[in-house]
Structure formats: C-alpha cells, structure tokens
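*Asks:* Quick one, fold the following:
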Amino acid sequence: LLVILTFLSLYVLAFTSKKFNWYYALGVTGLAAVAYWYMQSEEMWLWVLLGTVIVFAATAFYHWGLKKDKVVFLLLTGLLIGATITFSANYAFNNFLASHQRDRINVWLRPSLCDPRGSLYNLVQSKMAIGSGGFQGKGFLEGNMTKLNFVPEQTTDFIFCTIGEEQGFIGTVAIIGLYLLLLIRITTLAERQRSDFSKYYAYGVAGIIFIHVFINIGMTIGLMPVVGIPLPFISYGGSSLLGFTLLIGVLLKLDAHRDEA
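*Replies:* Numbers count the residues shown, from 1 in each chain. Just a heads-up that it's a prediction; the model follows:
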C-alpha cells in the first residue's frame with residue numbers, strides 16, 4: 001500500500017507537470033524502494049509512514065498554490081500532531097485498552113506473537129477452512145472444518161469461511177459479486193432521489209452495508225481485526241436480518257415516492 005500511494009504521488013506531481021520533475025521522481029521512487037527494508041524494523045515503519053504523509057501533503061499544497069511560509073507552517077503543524085499521535089499509540093495500547101481488545105489488535109497486526117490455541121484460534125481455523133475449499137469447494141454441507149465445528153461462530157460472524165470451504169473460490173467470488181451489484185443498485189437509487197434526505201439516506205445504507213461486508217469478510221482472512229459484525233443477509237440472527245431488511249425497505253419506500261418530494 002505504501003509503494004502504491006507513493007507512486008500515485010509521483011504521478012500527480014511529476015507526470016502531470018509540463019516539465020518532468022526528475023528530482024521528485026527519484027525521491028519518491030527511492031522512498032518506495034527502501035520502504036520494505038524499513039518495515040522490517042518495529043520502529044522505523046513509523047518514520048516511513050510520517051515521511052509518506054509529508055510527501056502527500058507537500059504535493060497537495062503545491063497544486064493548491066499556497067505560499068511557502070504557509071506550506072512550511074502547515075507541514076510542521078501536521079508533523080507535530082502526527083508524531084504525537086503516532087508515538088503515543090504504544091502508551092494508549094498498553095494503558096487504555098482492555099486485554100481482549102489488545103488481543104484483537106495483536107491477532108490482526110502481530111499474529112506471530114499470539115497463541116494459536118488461544119486468541120489466534122478463530123482466525124487460524126477460518127483460514128484453514130477457506131483454503132481447504134479450493135477452487136470449486138467441497139460441496140454443500142460437506143465441509144470438514146465447519147461440519148465438525150472446528151470453526152467457532154461459523155453460522156454468524158464467521159459464516160464466510162463456511163461459504164469458502166463448501167463453495168470454494170467460485171462461491172466466494174459470487175457472493176462478493178452479489179454484494180457489489182447490491183451496492184451499485186443502491187447508489188443508482190441514491191442518485192435519482194430528488195430530496196436531500198432520501199439521497200443521504202440511500203448513501204448511508206450503502207455505506208453501512210459496505211462496512212459490514214468489508215469488515216466481516218476481511219476478518220475471516222486476516223485483513224481486519226476480529227469483531228462481532230455479521231455478514232448482511234447471510235449471517236444467522238433475527239435482529240441482523242430484520243435491521244438490514246428495514247434499511248432496504250425504507251429506501252424502496254422513499255424511492256417509490258421520490259416524485260412527491
């Protein structure tokens with residue numbers, strides 16, 4: 001991600017200028033090249049992160065046409081605030097978070113330090129179940145990991161790993177594709193609303209569904225921390241299904257009466 005963002009910054013400032021800025025190109029390319037090496041250290045990644053933020057801030061200020069004194073002031077202020085927040089994170093992590101909250105973050109960012117039979121158990125079993133599904137899956141109700149209850153909460157929060165094991169790569173892509181079509185349809189409805197309330201509500205529904213889908217699927221494969229968020233319209237649970245159904249129902253009602261707004 002750091003390399004991608006760095007090269008995007010390179011494109012914005014270097015390639016969009018009338019005269020190619022070779023010094024800037026070499027600078028950001030060098031930053032991208034050494035980023036991975038720095039990331040091997042537990043502390044140096046903070047400096048790399050701050051440096052990347054400075055590069056993007058300078059790029060934005062350059063295109064906004066701000067004066068140099070304002071640019072310097074804003075960069076120094078942002079650097080001070082960013083450094084304070086970044087380097088105080090360790091203190092906040094150890095003193096303000098509960099033990100189970102720290103375990104969730106460690107499972108997400110530092111799984112090698114976690115107990116595979118303790119806090120890491122859910123994620124390990126989930127990855128094994130999804131990976132064992134292969135391309136076509138094992139078949140409906142034929143998943144060994146889920147059928148033998150090796151995966152906790154496989155009908156609620158971790159139901160995506162059940163889909164991955166039984167339906168494989170094809171099934172998971174199909175589910176993600178259906179969610180994508182749903183989000184596209186909701187945003188299409190949002191754009192044709194005539195009242196601001198209806199439009200904001202529609203985008204809010206799309207945002208809620210997207211966040212739930214992204215976090216739920218992400219936590220089953222280790223991309224997001226493990227939290228108790230259901231997969232919309234699929235996870236077992238009456239309150240979840242009722243809540244998402246009401247969101248869609250209100251949206252359809254608003255869309256049906258959009259001409260009256």
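*Asks:* use CA for all of it now, contacts and neighbours both
*Replies:* Fine.
*Asks:* Just after the helix ranked longest in the chain, pick out the following helix or strand.
*Replies:* Using DSSP state H to define each element, the chain has its longest helix at helix 159-191. Heading C-terminal from helix 159-191, the first helix or strand you meet, by DSSP states H and E, is helix 196-220.
*Asks:* quick one, that next one and helix 159-191 angle?
*Replies:* On the basis of axes from the mean of the first three to the mean of the last three Cα atoms, to 10 degrees, helix 196-220 is oriented at 160 degrees to helix 159-191.
*Asks:* list the buried ones in the longest helix of the chain?
*Replies:* Using 16 or more other Cα atoms under 10 Å as the test for burial, helix 159-191 gives 159-169, 171-172, 179, 183, 186-187, 189-190.
*Asks:* ditto for stretch 233-247
*Replies:* Quick answer for stretch 233-247 (16+ other Cα under 10 Å): 235-236, 240-241, 247.
*Asks:* ok, which pair from the residues you listed is furthest apart?
*Replies:* Y236 and L247 (17.6 Å; Cα to Cα).
*Asks:* so who does A174 touch?
*Replies:* A174 sits next to no residue when contact means Cα atoms under 8 Å, 6 or more residues apart in numbering.
*Asks:* Can you check the pLDDT for it?
*Replies:* A174 is assigned 95 on the pLDDT scale.
*Asks:* Likewise for V250?
*Replies:* 93.
*Asks:* angle of the strand or helix carrying it against helix 159-191?
*Replies:* Per DSSP H and E, V250 falls inside helix 238-256. Relative orientation of helix 238-256 versus helix 159-191 (the same axes, to 10 degrees): 20 degrees.
*Asks:* D255: how many residues sit nearby?
*Replies:* When neighbours are counted by other Cα atoms under 10 Å, D255 registers 20.
*Asks:* That one is in contact with L189, isn't it?
*Replies:* Yes - the pair D255 and L189 qualifies as a contact (Cα atoms under 8 Å) at a distance of 6.9 Å.
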